[in-house]
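Novice: Below are the sequence and a predicted model; questions follow.
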Amino acid sequence: MKVSDLQKDLGLEVLTSKDYEDREITGCYIGDLLSWVMGRAKAGDAWITIMSNVNIAAVASLADVACVILAEGVKPDAGVAEKADSQGIIIFSSGKTSYELASLISKAL
Amino acid sequence: MIKHYEISGTDFANGGEASSDFKTVLKKLGVPMDVIRKVSIAMYEAEINTIIHGHGGTCDAEIMPDRVVITFKDSGPGIKDIDLAMQEGYSTATDQIRELGFGAGMGLPNIKKYTDDMQIETSEGKGTTVILTIKL
Ligand SMILES: Nc1ncnc2c1ncn2[C@@H]1O[C@H](COP(=O)(O)OP(=O)(O)OP(=O)(O)O)[C@@H](O)[C@H]1O
Ligand SMILES: [Mg+2]
């Protein structure tokens, strides 16, 4: 499914500018420890995390995930959205838990 | 072609600038995405280590016809026991750094996993040099 479909289906709040390539989501990874994400997430994954600092933008870009979803109502720290925009990364936010998000993604894929 | 980067030892909130820039360079050269991803992951881990453990240093990333060679150099505390440092889960990161999501002890294993060759030269109290090679 496309990132835009995921956003609509799951009612995700968009925190970044949305004008990027509407990528295909091919999987999902949940994690907050950045080098676990770097090592284990796959290109094209939707990455679910509660880590809100600016490093998530670089990690998402370099690990080439399709989008980032901040779960549990977590809001990004100041400057994160700008940094993500500069790297062409889309960040969403949701009040749902990581488990709820992942099970919805699993059904949608 | 060689790209040179200065790696600040204090700005760990903004780490990854060199890796992000080099990714753009490789993209412009038309390097395949799966290769770029390997370079990006390995380079980012080495860059973050240079910042948080090496207290800053330099990075030289060279693109050759058949491979990319990236050298990170710092004058930090060095690594006492390389075999131990290479183990998954081993980390000396402080609580402050762990709060940012680092310190899982997975960086060096990731570098190993995503490169074709990895060399570490280190001397206690003098510094560390990490050389990554990825075939194109
Ligand atoms: N450039 C360096 N200078 C000094 N020590 C280093 C350097 N790079 C790595 N180390 C040592 O090796 C350990 C393991 O490094 P590794 O990258 O695997 O994990 P980490 O950086 O602690 O956590 P993570 O990479 O998962 O965020 C570090 O905790 C540190 O003690
Ligand atoms: Mg590390």
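Specialist: Happy to help now that I have it. Ligands and ions are numbered 1, 2, ... in the order given.
Novice: what packs against the helix or strand hosting B:F72?
Specialist: Assignment of secondary structure by DSSP states H and E places B:F72 within strand B:67-74. Under the contact definition 3 or more Cβ pairs under 8 Å, 6 or more residues apart in numbering or on different chains; DSSP states H and E, strand B:67-74 sits against helix B:33-52, strand B:57-63, strand B:127-135. C-beta here means a position set from N, CA and C on the backbone, and glycine is covered the same way.
Novice: Could I get the buried residue list for the last one?
Specialist: When you say that, I think you mean strand B:127-135. B:G127, B:T128, B:T129, B:V130, B:I131, B:L132, B:T133, B:I134 (16 or more other Cβ atoms under 10 Å in any protein chain shown).
Novice: Which positions in chain B make contact with ligand 2?
Specialist: B:N49, B:G107 (Cβ under 5 Å from the ion).
Novice: for the spatially most central residue of chain B, what are its contacts?
Specialist: Nearest to the mean C-alpha position of chain B, by Cα atoms, centre = their mean, lies B:A46 at 1.3 Å. Taking Cβ atoms under 8 Å, 6 or more residues apart in numbering or on different chains as the criterion, B:A46 is in contact with B:C59, B:I70, B:F72, B:G107, B:I111, B:V130, B:L132.
Novice: and if you look at A:V37?
Specialist: A:Y29, A:G31, A:W47, A:T49, A:V59, A:A63.
Novice: of these, buried ones?
Specialist: A:Y29, A:G31, A:W47, A:T49, A:V59, A:A63.
Novice: Among the residues you listed, which ones are in helices?
Specialist: A:V59, A:A63 (DSSP state H).
Novice: coming back round to it: now the helices and strands packed on strand B:67-74 in TSV, with mean pLDDT and distance to A:L6?
Specialist: Below are the helices and strands packed on strand B:67-74 laid out as TSV (pLDDT from 0 to 100; distance: least, Cβ to Cβ, whole Å):
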stretch	mean pLDDT	distance to A:L6
helix B:33-52	97	21
strand B:57-63	98	34
strand B:127-135	98	32
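Novice: So A:I90 sits against A:Y20, correct?
Specialist: Yes - using Cβ atoms under 8 Å, A:I90 makes contact with A:Y20 at a distance of 5.8 Å.
Novice: Could you check the next helix or strand after the strand holding B:F72 and say which residues are buried?
Specialist: Downstream of strand B:67-74, the first helix or strand assigned by DSSP H and E is helix B:82-86. Buried residues in helix B:82-86, defined by neighbour count with 16+ other Cβ under 10 Å: B:A85, B:M86.
Novice: Helix B:82-86 - contacts with which helices or strands?
Specialist: helix B:107-114.
Novice: Can you tell me what sits against the helix it packs on?
Specialist: Counting by Cβ under 8 Å, 6+ apart, A:35, A:38-39, B:38-39, B:41-42, B:45-46, B:48-49, B:85-88, B:118, B:130, B:132, B:134 sit against helix B:107-114.
Novice: interface residues of chain A facing chain B?
Specialist: By Cβ under 8 Å from any Cβ of the partner chain, the residues of chain A that approach chain B are A:32-36, A:38-39, A:43, A:51, A:53-56, A:58-59, A:61-64, A:83, A:87.
Novice: In helices, which of those appear?
Specialist: Of the residues of chain A next to chain B, the ones assigned to helices by DSSP H are A:34-36, A:38-39, A:55-56, A:58-59, A:61-63, A:83, A:87.
Novice: and which of the residues you listed is nearest to ligand 2?
Specialist: Distances from ligand 2 to these, taken as Cβ to the ion, are shortest for A:S35 (5.9 Å).
Novice: Bridged to the closest residue to A:V14 other than its chain neighbours, which residues?
Specialist: Leaving aside its chain neighbours, A:V14 sits nearest to A:F92 (6.0 Å; criterion: Cβ to Cβ, 6 or more residues apart in numbering or on different chains). For A:F92, the beta-bridge partners under DSSP bridges are A:V14, A:I69.
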